[in-house]
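Asks: Quick one: sequence plus predicted model below, questions after.
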Amino acid sequence: IVGICNTWSELTHCNSHLRELADAVKRGVWQAGGFPLEFPVMSLGEFNMRPTTMLYRNLMSMDVEESINANPLDGVVLMGGCDKTTPALLMGAASADLPSILVTGGPQLKANWRGGELGSCTDCRRYHAELRAGRITEDDWQDLQGSIIRSPGHCGVMGTASTMASLGEALGIALPGNGTIPAVDSRRYQLAEESGRRIVNLIKEDITPSKILNTEAFHNAIHTLHAIGGSANAVIHLIAIAGRLGIELPLRLFDEFSKTTPLILDLKPSGRFLMEDFFYAGGVSALLREISSFLHLKSPTVTGKTLGENVDSAQNYNRSLIKGVQDPINAQGGL
Ligand code: FES
């Protein structure tokens, strides 16, 4: 019996397509001989919740943990997207420690506005400042708001949602491709279906989060965080997820790794490109291959292969977006 733990909500725009995506997961579960049952948990949407979703992350993680523990489930597919939903799912699943796999909703499509490409929320904040400064009009602002979010999915910059979805791959708890395939791309649905098949195998093999999310996996995630110029919130979330498994991640470790791990990804908010471009460039697998000298490549993952095997054949198709460690954007981490 596979629980599909879903953070779909009409109040969380970023996760508004997760019911359709859950249908793809269910198809995969059926194909592999499992019995899928979808259930809701609390959803945290950055747009609407006040004063801040961060105040609710731990509450949501308890909802996830208790919903998994209280029901007769053999394994769980975790469906998140917007910033705090992914870490809360991983925290709850880590505590429950039933076989689990992460499927996030994917980034929004890039926005095109008056000849330029925009990504929320880097550019909405930038243009809101322009509005307050009187350099664009209220009509311009309304037009921009109508253009900047073209599809379901989470923010298309390397904010917290993209960071946690990408780190899911580095941690080994999500399939390759999870971090970057756009929300409305058919390959996102293929990945969801494959995740449904994989969870049945993880149950058969009794591969629980505590067997995947070990100290080396978290070290891989911290190196990746620095290489992608990820969200500072990931520090808080990684410490919390690791804490559920009794693993300590002191702040000095993040500092230490940042001195040696180069920033190699040119994405907004620190750089130029968007998550959709990152996918076309080869995605997280291509980046992990570039920084493989920093990683524990023998770490187990939900694919049934090691992290090294997962990324072994990955190709970097755009070297001005994903740089090499010999030719980084910055020699130190981009946090
Ligand atoms: Fe959901 Fe930005 S508002 S990821």
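Replies: Arrived safely. Numbers count the residues shown, from 1 in each chain.

Asks: which residues of this protein fall in strands?
Replies: Using DSSP state E, the strands of the chain run over residues 2-6, 36-40, 75-80, 100-104, 111-113, 116-118.

Asks: which other residues reach the third one?
Replies: By that I understand strand 75-80. For strand 75-80, contacts defined as Cβ atoms under 8 Å, 6 or more residues apart in numbering pick out 1-8, 15, 18, 21-22, 25, 29, 34, 36, 64, 68, 86, 88-90, 93, 96, 98-105, 164, 195-196, 199-200, 202-203. Quick note: C-beta positions are derived from backbone N, CA and C, even for glycine.

Asks: Filter the residues you listed down to the buried ones.
Replies: By neighbour count, with 16 or more other Cβ atoms under 10 Å, the contacts of strand 75-80 hold 2-8, 15, 18, 21-22, 25, 29, 34, 36, 64, 68, 86, 88-90, 93, 96, 98-105, 164, 195-196, 199-200, 202-203 as buried.

Asks: among those residues, which are in helices?
Replies: Those of the buried ones among the contacts of strand 75-80 mapping onto helices are 18, 21-22, 25, 29, 64, 68, 86, 88-90, 93, 96, 164, 195-196, 199-200, 202-203, per DSSP state H.

Asks: Tell me who's in contact with G243.
Replies: Contacts of G243 by Cβ under 8 Å, 6+ apart are L249.

Asks: same check, this time on S67
Replies: Taking Cβ under 8 Å, 6+ apart, we find S67 in contact with 3, 5, 39, 41, 92.

Asks: of all those, which two lie farthest apart?
Replies: F39 and G92 (12.4 Å; Cβ to Cβ).

Asks: the more surrounded of these two?
Replies: Between F39 and G92, counted using other Cβ atoms under 10 Å, G92 has the larger neighbour count: 27 against 13.

Asks: Now for that one: which residues touch it?
Replies: G92 neighbours (Cβ under 8 Å, 6+ apart): 41, 60-68.

Asks: Most neighbours out of the residues you listed, which is it?
Replies: V64 (27 neighbours).

Asks: Mind pulling the model confidence for that one?
Replies: V64 carries a pLDDT value of 98.

Asks: re the thing from before, of all the contacts of G92, which two lie farthest apart?
Replies: M60 and I68 (12.7 Å).

Asks: From E276, how far off is the residue nearest the centre of the chain?
Replies: A centroid search over the chain (Cα atoms, centre = their mean) returns A165, at 0.7 Å, as the residue closest to the centre. Separation of A165 from E276 (Cβ to Cβ, to the nearest Å): 13 Å.

Asks: Ok, A111 next?
Replies: Distance from A111 to E276, by Cβ to Cβ: 10 Å.

Asks: Against the ligand, how distant is L295?
Replies: For L295, the distance to the ligand equals 26 Å [Cβ to the nearest ligand atom, to the nearest Å].

Asks: Enumerate every residue touching whatever residue of the stretch 201-335 of the chain ends up closest to the ligand.
Replies: For the stretch 201-335 of the chain and the ligand, the shortest gap (Cβ to the nearest ligand atom) falls at S231, measuring 10.1 Å. By Cβ under 8 Å, 6+ apart, the contact list for S231 reads 83, 158-160, 162-164.

Asks: Quick one: buried ones out of the residues you listed?
Replies: The neighbour-count test (16+ other Cβ under 10 Å) marks 83, 158-160, 162-164 as buried among the contacts of S231.

Asks: What residues does the residue lying closest to I228 once chain neighbours are set aside make contact with?
Replies: On the basis of Cβ to Cβ, 6 or more residues apart in numbering, the spatially nearest residue to I228 that is not a chain neighbour turns out to be L265, at 4.6 Å. By Cβ under 8 Å, 6+ apart, the residues touching L265 are 158, 227-229, 271, 278, 287, 321-323, 329, 334.

Asks: what ranges do the helices span in the stretch 201-335 of the chain?
Replies: 209-212, 215-228, 233-244, 251-260, 275-280, 283-290, 307-311 (DSSP state H, counting those that start in this stretch).

Asks: This completes my enquiry, with thanks.
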